[in-house]
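**Student:** Predicted model follows, preceded by the sequence.
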There are 2 protein chains.
Amino acid sequence: MTQNLDAISPDIPSDYESLKARISTLSDSMPKRLLQCARYALANPDRIALGTTAEIASAAGVQPSTLVRFAQTLGFDGFSQMQQIFQGQLVGRNSEYTERLTKIRESGTNTPGSILGNFVERSKQSLDDLLRQVDTVALERSIEALSAAENIHLLGLRRAYPVVSYLHYTLGKMGVRTNLLEYTGGILEERVQFINENDALFVATFSPYSPEVVEFASKAFGRGVSVISLTDSVLSPIARVSSTVLEVNEAEHGAFRSLSTTMCLATSIAVAVGDARKWTSLS
Amino acid sequence: MTQNLDAISPDIPSDYESLKARISTLSDSMPKRLLQCARYALANPDRIALGTTAEIASAAGVQPSTLVRFAQTLGFDGFSQMQQIFQGQLVGRNSEYTERLTKIRESGTNTPGSILGNFVERSKQSLDDLLRQVDTVALERSIEALSAAENIHLLGLRRAYPVVSYLHYTLGKMGVRTNLLEYTGGILEERVQFINENDALFVATFSPYSPEVVEFASKAFGRGVSVISLTDSVLSPIARVSSTVLEVNEAEHGAFRSLSTTMCLATSIAVAVGDARKWTSLS
DNA sequence: AGCAATTCAGAAAATTCATTCCAAATTTAT
DNA sequence: ATAAATTTGGAATGAATTTTCTGAATTGCT
């Protein structure tokens, strides 16, 4: 009886795309736990494809039975039937991926896909380099300096602006207030006076190094402020006026650079500083 | 415990590559049925990864128990253990990755270096996932829409702000002027009226989705504006009010996410749009 | 050809798994 | 505030799956 009705009305999704679509539409009317399943499934399709109900359930923080109910809500008989869709996606994607990779490698055509592929490849390379070449001593000194600072000031223009802007946000989220120095005409220099000796200045600047930024850092450094700089070469003019220099070689495609690697380092710094501050400044 | 035993007994392949190597070396001295397994496994790795012993056995023309013996011949405890290697290959998670991550995790302490290591590994994985999961159709449609737009408006707050901010910069460098919508209190909504039908709105928003952003996009979409959104899930409220949705699963470490992958995609979009515009709008 | 060692198929056992069920808890409607 | 309906956790169940075991078949050796 029920089976007949089920078979008629909600025909089951037959591929991953329609499954996603259905989850998306049904998610509105889903109770808490089922929504939790929905979120987990969309965020970890691979684990759904390969895991057992027990494993997945514990990873998603629900009961195995909830997973089954989730699958049934979507129109499947049970979990296993839903799992097959995820498995199909996994296999198809795998073959597509290798195909895509070879296409990227051989054809120089500038399709959006190949541009992306190129950036991905180079970014991975660049991340590897970062981990291999990073100066851990400098990194640790940076964290220390930032953790110990009374106030943290952040400066970065143009390409470096998103980096400091994200640091500002992330550190803020961790309860570390920072002063993001936005560029508002020639007034920048005047603000050096508001930075005092116990503060730290974090500066990011890349290849056509903004003179204003270097100038600003120089003045702060001259005043005895701890200057931590993030740049792309030790030859950067900022290096001369920094207490600590962090170097990043960003991935590039033609004349354009991604910010993947830089962001990775920046985020790590933020988390490390947040961690360090948590222990020292715990009220 | 188990690790010690594993390490002592004929060390088991931890990688699909080394597994293949072992199969091919041992296959010389394999009896008929085991050879049959070997051949089938190498020819149908996906089915080994996903099937049950019964299914695979019948497909390969052997008994389930033979499959188990086959796995044991290669040094595994049983079939299931071998299957994991095939699964890892399918997901694209090779042993180096997991090895490094466990090494990082084992070191336990949150030293700056280990935090960075963690972010680097996860970002690399996340980049791989991006290339695997990216919806090329959506990507191409996004590029088209952005290239064809009279004006491009960019919107993103909090964690998404660095992304649009970088897009603003990069597109500007390529001669594509964009309108970066900064948040200045409640005035945001009023600005919808300055966006017209031939424009495109690029919106980025992530997990605690800013209602203002969604609201803004919704209004623009309602006015017939082409809305391209960059978000982290199809469950994102922005998906409903977008012409095209680009999904990114960013790497995370604890509660904190890097922006590496997102930045990689954003940069690719910028370059692709810049390319496309170059040909159409060459004066 | 005859014997020993190895390999095999198939059944049996042990384990794990997906699913169902029900009482408790929570939400919704009245 | 109370009752009804829905949702949830967790145990129970029955099915399925991996693995072991054993006698038969095959192979290799003399």
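**Tutor:** Alright, I've got the coordinates.

**Student:** which residues does A:Ala148 contact?
**Tutor:** A:Ala200 (Cβ atoms under 8 Å, 6 or more residues apart in numbering or on different chains). Backbone N, C-alpha and C define where each C-beta goes, glycine included.

**Student:** Tell me which stretches of the stretch 151-283 of chain A form helices.
**Tutor:** Ranges of helices in the stretch 151-283 of chain A, per DSSP state H, counting those that start in this stretch, are A:161-173, A:211-222, A:260-280.

**Student:** would you turn the ones you listed into CSV with mean pLDDT?
**Tutor:** Listed next are the helices of the stretch 151-283 of chain A as CSV, based on pLDDT from 0 to 100:
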stretch, mean pLDDT
helix A:161-173, 96
helix A:211-222, 93
helix A:260-280, 91
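
**Student:** what's the closest of those to B:Ala239?
**Tutor:** Proximity to B:Ala239 (Cβ to Cβ) singles out helix A:161-173 among these, at 23.4 Å.

**Student:** Report how many residues lie close to whichever residue of the stretch 51-200 of chain A sits closest to DNA strand C.
**Tutor:** Nearest residue of the stretch 51-200 of chain A to DNA strand C: A:Gly78, at 2.3 Å (Cβ to the nearest atom of the strand). When neighbours are defined as other Cβ atoms under 10 Å in any protein chain shown, A:Gly78 has 13 of them.

**Student:** can you pull the contacts of it?
**Tutor:** A:Gly78 is in contact with A:Val68, A:Ala71, A:Gln72, counting by Cβ under 8 Å, 6+ apart.

**Student:** Which of those has the largest number of neighbours?
**Tutor:** Ranked by neighbour count (other Cβ under 10 Å), the contacts of A:Gly78 have A:Ala71 at the top, with 23 neighbours.

**Student:** I'd like the helices of the stretch 151-283 of chain A laid out as CSV, including distance to chain B and mean neighbour count.
**Tutor:** Below are the helices of the stretch 151-283 of chain A laid out as CSV (distance: least, Cβ to the nearest Cβ, whole Å; neighbours: other Cβ atoms under 10 Å in any protein chain shown):
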stretch, distance to chain B, mean neighbour count
helix A:161-173, 4, 23
helix A:211-222, 15, 19
helix A:260-280, 4, 23
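
**Student:** Identify the residues contacting the residue nearest to A:Thr178 when sequence neighbours are not counted.
**Tutor:** Excluding the flanking residues, the one nearest A:Thr178 by Cβ to Cβ, 6 or more residues apart in numbering or on different chains is A:Ile152, at 4.4 Å. By Cβ under 8 Å, 6+ apart, the contact list for A:Ile152 reads A:Leu146, A:Leu171, A:Val176, A:Arg177, A:Thr178, A:Asn179, A:Asp199, A:Ala200, A:Leu201, A:Phe202.

**Student:** Now which of those residues would you call buried?
**Tutor:** Buried members of the contacts of A:Ile152, scored by 16 or more other Cβ atoms under 10 Å in any protein chain shown, are A:Leu146, A:Leu171, A:Val176, A:Thr178, A:Asn179, A:Asp199, A:Ala200, A:Leu201, A:Phe202.

**Student:** I figured the last one hits A:Tyr166, correct?
**Tutor:** What that stands for is A:Phe202. No. Contact status for A:Phe202 versus A:Tyr166: not in contact, 11.8 Å apart, counting by Cβ atoms under 8 Å.

**Student:** Send over the helix or strand hosting A:Arg47 as PDB, restricted to the C-alpha atoms.
**Tutor:** Per DSSP states H and E, A:Arg47 falls inside helix A:45-50. Extracted in PDB, the C-alpha atoms of helix A:45-50 (Å, rounded to 0.1, in the frame of the first residue of the first chain):
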ATOM      1  CA  PRO A  45      29.600  13.100  -0.300                       C
ATOM      2  CA  ASP A  46      32.600  10.800  -0.400                       C
ATOM      3  CA  ARG A  47      32.100   9.500   3.100                       C
ATOM      4  CA  ILE A  48      28.500   8.800   2.400                       C
ATOM      5  CA  ALA A  49      29.500   6.900  -0.700                       C
ATOM      6  CA  LEU A  50      32.000   4.700   1.100                       C
END
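
**Student:** A:Pro64 against A:Ala57, yeah?
**Tutor:** Yes. The criterion here is Cβ under 8 Å, and A:Pro64 meets it with A:Ala57 at 4.4 Å.

**Student:** re the thing from before, who touches the helix holding A:Arg47?
**Tutor:** A:16, A:40-41, A:55-56, A:59, A:82-83, A:86-87, A:89-90, B:49-50, B:87, B:90-91.

**Student:** which among those end up buried?
**Tutor:** Using 16+ other Cβ under 10 Å, the buried ones in these are A:16, A:40-41, A:56, A:82-83, A:86-87, A:89-90, B:49-50, B:87, B:90-91.

**Student:** What about the contacts of A:Ile152, which are in strands?
**Tutor:** A:Thr178, A:Asn179, A:Ala200, A:Leu201, A:Phe202 (DSSP state E).

**Student:** Tell me the one of those nearest A:Ser226?
**Tutor:** A:Ser226 lies nearest to A:Ala200 out of the ones in strands among the contacts of A:Ile152, by Cβ to Cβ, at 4.5 Å.

**Student:** give me every residue that touches the closest one.
**Tutor:** The contact partners of A:Ala200, taken as Cβ under 8 Å, 6+ apart, are A:Ala145, A:Leu146, A:Ala148, A:Ala149, A:Asn151, A:Ile152, A:His153, A:Val225, A:Ser226, A:Val227, A:Ile228.

**Student:** Adding distance to A:Ser207, write those residues out as TSV.
**Tutor:** Shown next, in TSV, are the contacts of A:Ala200 (distance: Cβ to Cβ, whole Å):
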residue	distance to A:Ser207
A:Ala145	25
A:Leu146	24
A:Ala148	30
A:Ala149	27
A:Asn151	29
A:Ile152	25
A:His153	23
A:Val225	24
A:Ser226	24
A:Val227	19
A:Ile228	19
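
**Student:** domain assignment for chain A?
**Tutor:** What automatic domain parsing lists as the domains of chain A is A:2-89, A:130-280.

**Student:** who in chain A is up against DNA strand D?
**Tutor:** By Cβ under 7 Å from any atom of the strand, the residues of chain A that approach DNA strand D are A:Ser29, A:Pro31, A:Lys32, A:Arg33, A:Leu34, A:Val62, A:Gln63, A:Pro64, A:Ser65, A:Thr66, A:Arg69.

**Student:** what's the closest of the residues you listed to B:Ile23?
**Tutor:** Nearest to B:Ile23 among the residues of chain A next to DNA strand D, counting by Cβ to Cβ, is A:Pro64 at 34.8 Å.

**Student:** residues near that closest one, how many?
**Tutor:** A:Pro64 sits with 15 neighbouring residues when counted by other Cβ under 10 Å.

**Student:** quick one: average pLDDT of the longest helix along chain A?
**Tutor:** Taking DSSP state H as the criterion, chain A has its longest helix at helix A:79-106. The pLDDT scores in helix A:79-106 average 87.

**Student:** How about stretch A:41-58?
**Tutor:** Across stretch A:41-58, the average pLDDT comes to 96.

**Student:** Settle this for me: A:Gln133 is touching A:Thr261, isn't it.
**Tutor:** No. Using Cβ under 8 Å, A:Gln133 is not in contact with A:Thr261, being 10.9 Å away.

**Student:** I figured A:Leu181 was touching A:Arg191, is that so?
**Tutor:** Yes. Using Cβ under 8 Å, A:Leu181 is in contact with A:Arg191, at 6.6 Å.
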